[in-house]
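Student: starting from these lines, generate the structure:
(chains A and B)
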Amino acid sequence: DSGVTQTPKHLITATGQRVTLRCSPRSGDLSVYWYQQSLDQGLQFLIQYYNGEERAKGNILERFSAQQFPDLHSELNLSSLELGDSALYFCASSQRGDGYTFGSGTRLTVV
Amino acid sequence: GQQLNQSPQSMFIQEGEDVSMNCTSSSIFNTWLWYKQDPGEGPVLLIALYKAGELTSNGRLTAQFGITRKDSFLNISASIPSDVGIYFCAGRGAGSYQLTFGKGTKLSVIP
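Tutor: Take a look at the predicted model:
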């Protein structure tokens, strides 16, 4: 157990729908990062939050949004889902200056 | 922005062989990290390097922080079947809390 909790582990939904992925960071970590990983692809950085505020944005689609709450958990919202959004979505957390600790991911399948 | 070139993209090796992979950066990094991702799981930190020239081992794994601060190497000695997975390098530049990830090296070990 890495200390970063992601729910749900699996999600199957239809095109056009909206889903919310949840992440609880490791205790004491203020930064949360979201990554997308398509089949056999690398880690695509989506967005970072630090202590409730958006810190950096990567290749995140306008249909996607995220937020970090006062208790530091984060949610990634994916709307108007398309088949190509099927992927593993990872959350990672960190304190300043150290490596990221990743959760075990949410596997999203859009049918 | 910062870019990491990780090579090789994939490799098939015989059990017992040694493995070497590397990452090069377009800019100077202050931190190099190596992660391993098992199928269907999140990446797990293997080795962290913080100083140019640093050589660090973790069991059969050895990683080095290049003298130019623009590259890093990971070696795995006497590979075993459980070494199978995707290995990612990641680097952090001066004054940044964000990591830049390589695209990964997919390792397959033939028993």
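Student: show me what from chain B comes close to chain A.
Tutor: With C-beta under 8 Å from any C-beta of the partner chain as the criterion, chain B comes near chain A at residues B:31, B:33, B:35, B:40-45, B:48, B:88, B:90, B:97-99, B:101-104, B:106. Just so you know, the C-beta spots here come from the backbone N, C-alpha and C atoms, and that holds for glycine as well.
Student: 6 Å instead, please
Tutor: Proximity of chain B to chain A is assessed by C-beta under 6 Å from any C-beta of the partner chain, with B:33, B:41-43, B:45, B:48, B:97-98, B:101, B:103-104 identified as the residues in range.
Student: of these, which belong to strands?
Tutor: Among these, the members falling in strands are B:33, B:45, B:48, B:101 (criterion: DSSP state E).
Student: how many neighbouring residues does the first one have?
Tutor: The reference is to B:Leu33. B:Leu33 is flanked by 24 other residues according to other C-beta atoms under 10 Å in any protein chain shown.
Student: where does chain B have low pLDDT?
Tutor: When the per-residue scores of chain B are filtered using pLDDT under 70, the ranges that remain are B:1-2.
Student: of all residues in it, which one is closest to chain A?
Tutor: With C-beta to the nearest C-beta as the measure, the residue in chain B that lies nearest chain A is B:Gly42; the distance is 3.4 Å.
Student: show me the contacts for A:Gly84.
Tutor: The neighbourhood of A:Gly84, defined by C-beta atoms under 6 Å, 6 or more residues apart in numbering or on different chains, contains no residues.
Student: state the distance from it to A:Val110.
Tutor: Going from A:Gly84 to A:Val110 by C-beta to C-beta, to the nearest Å gives 8 Å.
Student: please apply the same query to B:Asn30.
Tutor: When C-beta to C-beta is applied, the distance between B:Asn30 and A:Val110 equals 39 Å.
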